[in-house]
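1. Have a look; sequence and predicted model below, questions after that.
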Amino acid sequence: MKRLQRLRRMCFALALGLGLSLTSAGVSTAAPEAVAACPTEEGMRFKTPATGDRVHLVGPKGFLYYIPNSTIYFKLWGSWDGIVTADLSSCGKVPQPLNQTSWTNSMLAKTADSDAVYIWDETWPVDSYRHIVSWDVFTTKYHFDPAKIEERYAWEINPKLPDHPWT
């Protein structure tokens, strides 16, 4: 049993290291991509050789968000596709330890009576849902997965920071 668990972990690590979908782990002959300088384009997701399965997101205004694990990652995206390998140390302002666990509960949400979509953001002084300003920002810029949107009551979403939408 331990051997099977270790094999699963190795395949998962291989899939992350090569930036592949988990369904193709061990099947592809793709070479690992070169390590690029820090991405600066909002919406870019990247990992680093030194941090293993940690994924970072360049968010609004260039803020680096840290996605701590695959559970949170798959609350926002449907696959590992689109992640590049980059050098986090070339990013200048690296996320501080306070932000290293910021997205432990991140998710996408909307109410039954509105098309507005929100993202839970724990990086602000007040944890709050932030309104994603448009469907284009949601799908084209950040490549969030519409299937990951969870329905919530309006009183649960009530953004405490309405002046800070997700752009």
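-> On my side now, so go ahead.

2. From now on I want contacts and neighbour counts done on CA atoms only, so please keep to that.
-> Will do.

3. Run through the strands of the chain in chain order.
-> Taking DSSP state E as the criterion, the chain carries its strands at 45-47, 55-58, 64-67, 83-85, 108-110, 117-121, 128-132, 149-151.

4. Tell me which other helices or strands the fifth one touches.
-> Applying 3 or more C-alpha pairs under 8 Å, 6 or more residues apart in numbering; DSSP states H and E, one finds that strand 108-110 makes contact with strand 117-121, strand 149-151.

5. quick one: strands adjacent to the first one?
-> Neighbouring strands of strand 117-121 in its sheet, by DSSP bridges, are strand 108-110 (antiparallel), strand 128-132 (antiparallel).

6. Next, count neighbours for Lys75.
-> 18 (other C-alpha atoms under 10 Å).

7. Let me have the helices and strands packed on strand 108-110 in a markdown table, extended by mean neighbour count, mean pLDDT and distance to Lys61.
-> Below are the helices and strands packed on strand 108-110 laid out as a markdown table (neighbours: other C-alpha atoms under 10 Å; pLDDT from 0 to 100; distance: least, C-alpha to C-alpha, whole Å):
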| stretch | mean neighbour count | mean pLDDT | distance to Lys61 |
| --- | --- | --- | --- |
| strand 117-121 | 22 | 93 | 14 |
| strand 149-151 | 16 | 97 | 23 |
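
8. that older thread, now tell me which of the strands paired with strand 117-121 the model trusts least on average.
-> In terms of mean pLDDT, the lowest-scoring of the strands paired with strand 117-121 is strand 128-132 (a mean of 92).

9. What lies in contact with that one?
-> If you take C-alpha atoms under 8 Å, 6 or more residues apart in numbering as the criterion, strand 128-132 is touched by 116-122, 138, 157-162, 164-167.

10. burial count for Asn105?
-> Using other C-alpha under 10 Å, Asn105 is surrounded by 14 other residues.

11. What of Lys148?
-> Neighbour count of Lys148, defined by other C-alpha under 10 Å: 15.

12. Equivalent analysis for Ala147, please.
-> Using other C-alpha under 10 Å, Ala147 is surrounded by 11 other residues.
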